[in-house]
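A.B. asks: Structure, please.
(2 chains)
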Number of protein chains: 2
Amino acid sequence: MNKKGMLVIISGPSGSGKGTVVKQLNRKDFALSISMTTRKPRAGELNGKDYLFCTKEEFVKIRESGGFLEHAEFVGNMYGTPKEYVKNQVNEGKAVILEIDVVGALQVKEKFEDSISIFLIPPSISDLYSRLKGRKTEDDATIIRRIKRAKSEIEYMQKYDYIVINDDINEAVQKLHTIIDSEYLKPSRNQNFINKILGDDFDVTTVLFGTNEQIERN
Amino acid sequence: MNKKGMLVIISGPSGSGKGTVVKQLNRKDFALSISMTTRKPRAGELNGKDYLFCTKEEFVKIRESGGFLEHAEFVGNMYGTPKEYVKNQVNEGKAVILEIDVVGALQVKEKFEDSISIFLIPPSISDLYSRLKGRKTEDDATIIRRIKRAKSEIEYMQKYDYIVINDDINEAVQKLHTIIDSEYLKPSRNQNFINKILGDDFDVTTVLFGTNEQIERN
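C.D. replies: Numbers count the residues shown, from 1 in each chain, chains lettered A, B, ... in the order given. Here you go, the predicted structure:
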């Protein structure tokens, strides 16, 4: 019985652990959303796996036709999430995972009906600070900027469908599975089953009072 | 961090297995909804455990004041689900389980904001028939009536929040846990955490550039 899938938008402040969680979220009914970009491939990056690489002209054409769920420019390069790819995967029953920043997440949520949005957040701002500091990849000025941005991003927390407090990474991953498993039980994703049972022509009277031959056939 | 609970309405046709599933659904954050009735207690039945027993006058008074989520009369006795009890348990964070017929379920869903509704259904009408027949408690005329009623009840399936196909009892119970666990992650049930983190006065600048003493205090 083919179920319909969903776009799973995973977001949260920088340092909330969304990248790590997504990396560990492996399931058989799952697909990663692939970004399209005008940036040149780096060594080892594969077209169709890491990114869909395209020219600026191709990107603009898709953007103009409304073909991106969201798009942004970053140090002169364009990035976008192609709607068509996500739609096909969802129709095939997949849970398509899209890891994205807070502002982008809410844009995508509005544009894609079959989406669920999950906000990942550490237990406290102090925990968020410890993680950013612990990475040792950002200088103090960047950490201050990220914490300030996080404080404004959590204002949007209530607009998400689910909130996952990322205290322990394994528990957080488990909670994402729980959400996705549960969402697969929504009627809108089980239309095939609903149609089948609504059209079920099982005839109880024949089964109870028909000939044995008829009973066998049922 | 106190979460808000929910009313879990479990429904489905006669023979869908809702009674069996509810009996196996044990969890620490869980409470069973108790019906109020004007029926006399049977031997061994306890007030406040099996039912809340009351007089006809008491029942009518609560009903007139809108104190029931649903109520019905059955062979001269009145039965109702008291709203106040459910509300208190939900505010304490409990998942209150209410097993109820299909028509009652949709009434309750409309009356109680913090509710989720689950429709339990065997994989096919033929399976439903086998279960009703297998019980050996109903005669053929009753089985025919129940199958016919089931066919009209499944028309309402799409109005429920979730559909659980009861093929295997343990799997069905597991799916109910998944739904409840997932619902506990909704923002509306985590208002305490949201308020806490929105009011978090962690000051990153002081932590980074304050005196050691100040850092210690944070």
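A.B. asks: Strands along chain A, start to end?
C.D. replies: A:6-11, A:30-32, A:36-37, A:52-53, A:68-74, A:77-82, A:95-99, A:115-121, A:162-165 (DSSP state E).
A.B. asks: which helices and strands does the third one pack with?
C.D. replies: Based on contacts counted as 3 or more C-beta pairs under 8 Å, 6 or more residues apart in numbering or on different chains; DSSP states H and E, the elements that strand A:36-37 packs against are strand A:52-53, helix A:56-64, strand A:77-82. Where you see a C-beta, it was placed from the backbone N, CA and C, and this is true even at glycine.
A.B. asks: again, but for the first one
C.D. replies: Using 3+ C-beta pairs under 8 Å, 6+ apart as the contact test, the elements touching strand A:6-11 are helix A:18-24, helix A:83-91, strand A:95-99, helix A:102-111, strand A:115-121, helix A:169-183.
A.B. asks: pull the CA atoms of stretch A:153-169 into CSV?
C.D. replies: Taking C-alpha atoms only, stretch A:153-169 is exported to CSV below (Å, rounded to 0.1, in the frame of the first residue of the first chain):
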residue,chain,number,x,y,z
GLU,A,153,15.4,33.0,15.7
ILE,A,154,13.8,31.3,18.7
GLU,A,155,11.0,33.9,18.5
TYR,A,156,9.8,31.8,15.5
MET,A,157,9.8,28.5,17.4
GLN,A,158,6.0,28.5,17.9
LYS,A,159,5.4,28.6,14.2
TYR,A,160,6.9,25.2,13.7
ASP,A,161,5.0,22.0,13.8
TYR,A,162,7.3,20.3,16.3
ILE,A,163,10.0,21.3,18.7
VAL,A,164,12.9,18.9,19.5
ILE,A,165,15.1,19.8,22.5
ASN,A,166,18.5,18.6,21.5
ASP,A,167,20.0,17.6,24.8
ASP,A,168,21.3,14.2,23.7
ILE,A,169,22.0,13.6,20.0
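A.B. asks: So for it, what gets flagged as buried?
C.D. replies: For stretch A:153-169, a neighbour-count test (16 or more other C-beta atoms under 10 Å in any protein chain shown) marks A:153-154, A:157, A:160-166 as buried.
A.B. asks: Out of those, which are close to chain B?
C.D. replies: Filtering the buried residues of stretch A:153-169 for neighbours of chain B using C-beta under 8 Å from any C-beta of the partner chain leaves A:154, A:157, A:160-165.
A.B. asks: Might you report the residue contacts of residue A:80?
C.D. replies: A:35-37, A:59, A:62-63, A:68-72 (C-beta atoms under 8 Å, 6 or more residues apart in numbering or on different chains).
A.B. asks: From these, list the buried ones, please.
C.D. replies: A:35-37, A:59, A:62, A:68-72.
A.B. asks: Now residue A:154: closest residue in space, sequence neighbours ignored.
C.D. replies: residue B:197 (5.9 Å; C-beta to C-beta, 6 or more residues apart in numbering or on different chains).
A.B. asks: dump the residue contacts of the one you found.
C.D. replies: Residue B:197 touches A:121, A:124-125, A:154, A:157, counting by C-beta under 8 Å, 6+ apart.
A.B. asks: Show the model's pLDDT score for it.
C.D. replies: Confidence at residue B:197, expressed as pLDDT, is 94.
A.B. asks: Tell me, how many residues neighbour the residue nearest to residue A:188 when sequence neighbours are not counted?
C.D. replies: Of all residues beyond its chain neighbours, the one nearest residue A:188 is residue A:4 (6.9 Å), with distances taken as C-beta to C-beta, 6+ apart. By other C-beta atoms under 10 Å in any protein chain shown, the residues close to residue A:4 number 17.
A.B. asks: pretty sure residue A:4 is touching residue A:189, no?
C.D. replies: Yes - between residue A:4 and residue A:189 there is a contact under C-beta atoms under 8 Å: 4.3 Å.
A.B. asks: partners of the closest residue to residue A:39 other than its chain neighbours in the sheet?
C.D. replies: Excluding the flanking residues, the one nearest residue A:39 by C-beta to C-beta, 6+ apart is residue A:77, at 3.9 Å. Note on residue A:77: beta-bridge partners by DSSP bridges are residue A:74.
A.B. asks: I'd assumed residue A:7 was in contact with residue A:112.
C.D. replies: Yes - under the criterion of C-beta under 8 Å, residue A:112 makes contact with residue A:7 at 5.2 Å.
A.B. asks: Look at those two and report which has more neighbours.
C.D. replies: Set residue A:112 next to residue A:7 and count neighbours by other C-beta under 10 Å: residue A:7 wins out with 27 against 20.
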